[in-house]
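S.K.: For reference, the sequence and a predicted model appear below.
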Amino acid sequence: MSTIRLALLNDIPRLNEMIALSVRGLSKDYYTPAQIESAIKYIFGVDTQLVLDGTYYIAEKDNMITGCGGWSKRNTLYGGDQHKSIEDPLLNPLTDAARIRAFFVHPDYARQGIGRQIINICEDAAKAGGFTAFELGATLPGVPLYTAMGYEAIGRVDALLPDGEKLGIVKMRKIA
C-alpha cells in the first residue's frame, strides 16, 4: 500500500517524470500520440502553486512515486506551471467550488485505489477549508474514476494547444 504525504518543492522533478509516464501509459486508449505529447509539453505537469499552498499530495511506495493529486482554493481548473502565466485568484468557499487538480497515477499502480485515496484526502481538506462543492477538469481516462466517486459531467472543453492539437477535457462537479 502506498503512503500519502504533502508534496515538497524538491519533489517536482520526480513528479513531472511520473506524470509523463502516467499520461503516456494511461491515455493511449483515449488520445492520439500527438495529443499526448502536446499535452505533456503544454498542459500536464505540477502546478507549483498547489505545492506552495500545501494542497498537493504524493503517494509513495518503496521511495517511488505511485500517484499524485491535489485540491485548490484558487481559480485554475487544470494545467501545470506551463499552462498559466499569472497567480490564481483565491476562490470564496461560500460561493465557489474547490478545484480537484492534477491527478496522475503511475501506470504500474493504476486501479489499485491510489487516486481514490488521494481524492478522499483532498475532499476532506477542502471541506475543512469551508468548501461544499468540488469541480475538476477530467482527462478522458479519469472520467470513470471521478464518476464512480460521485462527480457529474457538466460540460466538455476541447483545449486548444499551442501546436494546434486539441485535448478533450470533461468538466465535472460534485456537491459535498
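M.R.: That came through fine.
S.K.: Wait, residue 141 touches residue 26, no?
M.R.: Yes: counting by C-beta atoms under 8 Å, residue 141 touches residue 26, with 4.9 Å between them. Backbone N, C-alpha and C define where each C-beta goes, glycine included.
S.K.: now the helices: where do they sit in this structure?
M.R.: 12-26, 33-42, 48-53, 114-128, 143-148 (DSSP state H).
S.K.: With distance to residue 156 as extra columns, can I get these in JSON lines?
M.R.: Formatted as JSON lines, the helices of the chain follow (distance: least, C-beta to C-beta, whole Å):
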{"stretch": "helix 12-26", "distance to residue 156": "19"}
{"stretch": "helix 33-42", "distance to residue 156": "15"}
{"stretch": "helix 48-53", "distance to residue 156": "24"}
{"stretch": "helix 114-128", "distance to residue 156": "21"}
{"stretch": "helix 143-148", "distance to residue 156": "10"}
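S.K.: Output those as TSV; include the columns mean neighbour count.
M.R.: Below are those laid out as TSV (neighbours: other C-beta atoms under 10 Å):
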stretch	mean neighbour count
helix 12-26	18
helix 33-42	18
helix 48-53	18
helix 114-128	18
helix 143-148	15
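S.K.: out of the ones you listed, which comes closest to residue 90?
M.R.: helix 48-53 (9.8 Å; C-beta to C-beta).
S.K.: Can you name every helix or strand that the closest one contacts?
M.R.: Identification of packing neighbours for helix 48-53 by 3 or more C-beta pairs under 8 Å, 6 or more residues apart in numbering; DSSP states H and E yields strand 64-72.
S.K.: just the angle between the strand it packs on and helix 114-128, please?
M.R.: 30 degrees (axes from the mean of the first three to the mean of the last three C-alpha atoms, to 10 degrees).
S.K.: Can you give me the buried ones in strand 64-72?
M.R.: 65, 66, 67, 68, 69, 70, 71, 72 (16 or more other C-beta atoms under 10 Å).
S.K.: Only alpha carbons, please: show the lowest-mean-pLDDT helix or strand in the chain as CSV.
M.R.: The weakest-scoring helix or strand in the chain, judged by mean pLDDT, DSSP states H and E, is helix 48-53 (a mean of 93). What follows is helix 48-53, C-alpha atoms only, in CSV (Å, rounded to 0.1, in the frame of the first residue of the first chain):
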residue,chain,number,x,y,z
THR,A,48,3.9,24.8,-8.1
GLN,A,49,1.2,26.9,-6.5
LEU,A,50,-0.5,23.8,-5.2
VAL,A,51,2.8,22.7,-3.5
LEU,A,52,3.3,26.2,-2.1
ASP,A,53,-0.3,26.2,-0.8
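S.K.: Can you read off the pLDDT for the spatially most central residue of the chain?
M.R.: Closest residue to the average C-alpha location of the chain: residue 102 at 1.7 Å, with C-alpha atoms, centre = their mean. You'll see residue 102 listed with a pLDDT of 92.
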